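Engineer: here is the input, now give the coordinates:
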Amino acid sequence: MTRLQARTDLSERTGGCRLAVSGSLSTSAFRSVSLLLAWVSLAVVAIGAEPSRTETPSEGAAPIHAQRHDEASATFHRGREFEKLGRPDAALLLFDRVVDEYPEAHCHGQALLGAARLRDELDQDREASRLYERLAEDYPEAPQFDEVLFRWASVEFDLGNVSRSNELLQRLCREHPRSAYGAEAAYRLAQRAFEANDPSRAGELASGLLENKLAKDIHQQVLFLRGRIAVAQEDWQQVAQRFAELVDQFPQSPLRGEARFWIAESAFRLGDFESASRQFGQLSRRPPGQLEPLAALIALRRAQVFAHRGKWSEAYSMAAKIPERFPDFKQCYEARYLSGRCLVGRCELDAAREAFRQVIDSPDGSATETAAMAQWMIGQTYLDEENYALAAGHYRRMGGDCAFAAWRAAALLQAGNCYERLDKWEDAWQMYTRLMEGYPNTDFARRAASRLRTASRTPISIAQPR
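Structural biologist: Down below sits the predicted model:
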């Protein structure tokens, strides 16, 4: 019989055996048969190699404990072979056998780690956590104990036990400072501190990591995290510096595109609109697919930069297209507000009011300060038309409904001014009094008090809140 025929014949016979027993044996018996099939399958894989020599037993039986150690070792190594062949279920059966039946074996700890690792990879997180905990209790001095802590922490995080996971990572960093898993553990702690709104702790951990030599992938992630921390703290000088450090040290990093976006954003926030215009323009010309999540925001920033530079036609042309190009963009209301401002500049006041109302009615924008600004601008368009009655009514409503205190105060002052223009002094007095009582320590209240003291009939000039 040829080797191929032998392999085929054996496969057919083992397959038939599997079918025969699956419907009639108990769970424990089926587990034993499955284990037997795993051994047979490994034998099939080995067909074609030179047969090993048959060991001749020495005179006298070997001690029973040595025999059991040999059986455990053979079982464990067969499990490792199945793991290498990409057959985790078969490997797990063999590792479990060593764990359950050979607790005294030298390879027991390795089998326990193998079983825990495979259950982790198979998303059997609760079973994996139980095995890692057993490893930690039974083998605290094991050479791979740092790996146990790291993998156990990952499983606990997947189970939603974030505090427990963090404790294990901290233990790893504390007890195994030279571990190959140490940098990754410290980075995860820093990232989680950042996500828990503790940028100071995150920055401390990230800076500590940079004091040591790091692998490239971790080094890039740490630099990127430090940039994000600066963004959260709105320290735009540091934002530019930290992301520039990432781009300079790792010009081929997959994070470089987003890093360049934040460098451009820092220029925008610092009022360097010339630099921001150049950088956002370069980002907009990147190949399709790159920076896709940021494409809409880049378009918005380009339109806003045009507006800051007084290029209203270019600003409107770009801003008006954003809601259509990016219908799922959460900041479409910002583009509509900018379109409204541009339309005011072009004296298209009806169209401008419609754009501002879209901001106020937007699900994403209705509760934002941009919506308050849009409310203010609607009143301003009525003032531009010298329609003081509509302007007064609009600002009066805004003084009671707006969610932002500074804009409510400004609206009451502006409403009083409009009533003065209409010679409705009682209404003006009511607006100024409400303002002084509701916002006594503001510049708006001081202006209202001045109007009441002087009883002047000359309308005052109103500055928008900053």
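Engineer: low pLDDT regions in the stretch 1-150 of the chain?
Structural biologist: Applying pLDDT under 70 to the stretch 1-150 of the chain flags residues 1-64.
Engineer: how about a cut-off of 80?
Structural biologist: Confidence mapping of the stretch 1-150 of the chain against pLDDT under 80 gives the ranges 1-65.
Engineer: ditto for the stretch 301-450 of the chain
Structural biologist: The stretch 301-450 of the chain contains no residues with pLDDT under 80.
Engineer: can you pull out the helices in it?
Structural biologist: 312-319, 322-325, 332-345, 349-361, 369-384, 388-401, 405-421, 425-438, 443-454 (DSSP state H, counting those that start in this stretch).
Engineer: residue 432 and residue 448: what is the separation?
Structural biologist: Separation of residue 432 from residue 448 (Cβ to Cβ, to the nearest Å) stands at 4 Å. In short, each C-beta sits where N, CA and C put it, glycine included.
Engineer: before we move on, back to that, out of the helices of the stretch 301-450 of the chain, which gets nearest to residue 109?
Structural biologist: Proximity to residue 109 (Cβ to Cβ) singles out helix 332-345 among the helices of the stretch 301-450 of the chain, at 57.9 Å.
Engineer: what's next to the closest one, contact-wise?
Structural biologist: The contact list for helix 332-345 (Cβ atoms under 8 Å, 6 or more residues apart in numbering) reads 300, 303-304, 307, 312-313, 315-316, 319-320, 322-323, 326, 329, 349, 351-353, 355-356, 358-359, 362, 364-365, 368, 370-371, 373-374, 377, 380-381, 384.
Engineer: please repeat the previous calculation with a cut-off of 6 Å.
Structural biologist: Helix 332-345 is touched from outside by 300, 303, 312, 315-316, 319-320, 322-323, 351-352, 355-356, 358-359, 362, 364-365, 370, 374, with contacts defined as Cβ atoms under 6 Å, 6 or more residues apart in numbering.
Engineer: skipping adjacent residues, who's closest to residue 359 in space?
Structural biologist: Leaving aside its sequence neighbours, residue 359 sits nearest to residue 374 (Cβ to Cβ, 6 or more residues apart in numbering; 4.0 Å).
Engineer: now do the contacts for that neighbour.
Structural biologist: Contacts of residue 374 (Cβ under 6 Å, 6+ apart): 337, 356, 359-360.
Engineer: residue 174 is nearest to which of the helices of the stretch 301-450 of the chain?
Structural biologist: helix 369-384 (45.0 Å).
Engineer: how about that closest one: buried residues?
Structural biologist: Under the neighbour-count criterion of 16 or more other Cβ atoms under 10 Å, helix 369-384 has 370-383 buried.
Engineer: run the angle between it and helix 349-361 for me.
Structural biologist: If you take axes from the mean of the first three to the mean of the last three Cα atoms, to 10 degrees, helix 369-384 sits at 150 degrees to helix 349-361.
Engineer: could you dump helix 369-384 to CSV, C-alpha only?
Structural biologist: Only the C-alpha atoms of helix 369-384 are listed here, as CSV (Å, rounded to 0.1, in the frame of the first residue of the first chain):
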residue,chain,number,x,y,z
GLU,A,369,-23.5,78.0,20.7
THR,A,370,-23.5,78.2,16.9
ALA,A,371,-27.3,78.0,17.1
ALA,A,372,-27.2,80.9,19.5
MET,A,373,-25.1,82.9,17.1
ALA,A,374,-27.5,82.0,14.3
GLN,A,375,-30.4,83.4,16.4
TRP,A,376,-28.4,86.6,17.0
MET,A,377,-27.7,87.0,13.3
ILE,A,378,-31.4,86.6,12.4
GLY,A,379,-32.1,89.6,14.6
GLN,A,380,-29.2,91.4,13.0
THR,A,381,-30.6,91.0,9.5
TYR,A,382,-33.9,92.7,10.7
LEU,A,383,-31.8,95.5,12.1
ASP,A,384,-30.0,95.8,8.8
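Engineer: what about it, distance to the chain center?
Structural biologist: The chain centroid and the centroid of helix 369-384 are separated by 35 Å under Cα atoms, centre = their mean, to the nearest Å.
Engineer: now swap in stretch 422-442 and tell me
Structural biologist: Using Cα atoms, centre = their mean, the offset of stretch 422-442 from its chain centre is 47 Å.
Engineer: what do you get for stretch 144-163?
Structural biologist: How far stretch 144-163 lies from its chain's middle: 20 Å, per Cα atoms, centre = their mean.
Engineer: which residues does it contact?
Structural biologist: The contact list for stretch 144-163, computed with Cβ under 6 Å, 6+ apart, reads 120, 125, 128-129, 132, 135, 164-165, 168-169, 171-172, 176, 179, 181.
Engineer: what comes up buried for it?
Structural biologist: 145-157, 161.
Engineer: just those: which are in helices?
Structural biologist: When the buried residues of stretch 144-163 are checked against helices (DSSP state H), the matches are 145-157.
Engineer: and residue 152, how close does it get to residue 167?
Structural biologist: Using Cβ to Cβ, residue 152 is found at 10 Å from residue 167.
Engineer: with residue 264 instead?
Structural biologist: Counting by Cβ to Cβ, the gap from residue 264 to residue 167 is 40 Å.
Engineer: what about the two, which has more around it?
Structural biologist: residue 264 (25 against 14; other Cβ atoms under 10 Å).
Engineer: quick one, what contacts that one?
Structural biologist: 276, 279-280.
Engineer: now tabulate the residues you listed in TSV and tack on pLDDT.
Structural biologist: Converted to TSV, the contacts of residue 264 look like this (pLDDT from 0 to 100):
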residue	pLDDT
276	97
279	97
280	97
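Engineer: closest to residue 102 out of those?
Structural biologist: For those, the nearest to residue 102 is residue 279 (64.0 Å; Cβ to Cβ).
Engineer: the nearest residue to that closest one once chain neighbours are set aside sits in which helix or strand?
Structural biologist: The shortest distance from residue 279 to any non-neighbouring residue, by Cβ to Cβ, 6+ apart, is to residue 264 (3.6 Å). Using DSSP states H and E, residue 264 maps to helix 256-269.
Engineer: for that helix, buried residues please.
Structural biologist: Buried, per 16+ other Cβ under 10 Å, within helix 256-269: 256, 258-268.
Engineer: I'd like the next helix or strand past that helix.
Structural biologist: Past helix 256-269, the next helix or strand by DSSP H and E is helix 273-284.
Engineer: so for the residue nearest the centre of the chain, what's the pLDDT?
Structural biologist: With distances taken as Cα atoms, centre = their mean, the residue of the chain nearest its centroid is residue 195 (8.0 Å). Looking at residue 195, its pLDDT reads 96.
Engineer: please report how far it lies from residue 330.
Structural biologist: Separation of residue 195 from residue 330 (Cβ to Cβ) stands at 20 Å.
Engineer: ok, now residue 177?
Structural biologist: Distance of residue 177 to residue 330, computed by Cβ to Cβ: 43 Å.
Engineer: same check, this time on residue 223
Structural biologist: Separation of residue 223 from residue 330 (Cβ to Cβ): 27 Å.
Engineer: what about those two, which has more around it?
Structural biologist: Between residue 223 and residue 330, residue 223 has the larger neighbour count (other Cβ under 10 Å), namely 25 against 13.
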